[in-house]
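Colleague: model this:
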Amino acid sequence: MAVCEIKVHSTDSTRVDLVIPGEQYFYLKALTAGERQRWLVALGTAKACLADGRSKKEKELSDVSQTLKGKMSELRLYCDLLLEQVHKIQESAQPSEGEARPDTQVPSLLHPTCTLPRCAVSL
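Modeller: Residues are numbered from 1 along each chain as shown. Okay, here's the model as predicted:
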């Protein structure tokens, strides 16, 4: 209905044409010009309501998409901060000359906690 074109016939005061571009044509004939006018009002109202509903859903989808993008950006920031801390821990755990080799399980313990591909590659 939203893509439907409502056309008033130019010579017949009781006829309305409904056209779905490239698909179908409907020819409606009312009993009187007044009845045709009521049909035009009803069809126009229905078409407007469908358009309003669609734009509302599109706005909601856009809002959800923006929220998701924000959360993903926040998640990337936390991942970067976590990786920075892991690398600092690894550097501080490096043995100095003459010290024994530290436990090398830090990356293997942290790996299951980070599921982003970027984090997993860095570890």
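Colleague: Just the mean pLDDT for stretch 77-89, thanks.
Modeller: Mean per-residue pLDDT for stretch 77-89: 88.
Colleague: And for the closest residue to Leu28 other than its chain neighbours, the neighbour number?
Modeller: Distances taken as CB to CB, 6 or more residues apart in numbering put Val16 closest to Leu28, at 4.5 Å, once the chain neighbours are dropped. To be clear about C-beta, it is placed using only N, CA and C from the backbone, and glycine gets the same treatment. For Val16, the number of neighbouring residues by other CB atoms under 10 Å comes to 19.
Colleague: pretty sure Val16 belongs to a helix, no?
Modeller: No. Looking at Val16 with DSSP: H, G, I helix; E, B strand; the rest coil, it is strand, so not inside a helix.
Colleague: Is it in contact with Ser10, as I believe?
Modeller: No. Using CB atoms under 8 Å as the test, Val16 is too far from Ser10 to be in contact (11.7 Å).
Colleague: Can you read off the pLDDT for the residue nearest to Leu28?
Modeller: 89.
Colleague: what's the answer for the one 3 residues further on, then?
Modeller: At Val19, the model reports a pLDDT of 88.
Colleague: Ok, His111 next?
Modeller: Note for His111: predicted pLDDT of 57.
Colleague: what do you get for the one 4 residues further on?
Modeller: You'll see Thr115 listed with a pLDDT of 60.
Colleague: Ok, Ser108 next?
Modeller: Model confidence at Ser108 (pLDDT) stands at 59.
Colleague: can you pull out the strands in this structure?
Modeller: Applying DSSP state E to the chain gives strands spanning 5-8, 15-20, 24-29.
Colleague: for the first one, which positions count as buried?
Modeller: The reference is to strand 5-8. Burial within strand 5-8, assessed by neighbour count using 16 or more other CB atoms under 10 Å, is assigned to Ile6.
Colleague: From Ser73, how far off is Glu60?
Modeller: According to CB to CB, to the nearest Å, Glu60 stands 21 Å off from Ser73.
Colleague: Alright, I will stop here.
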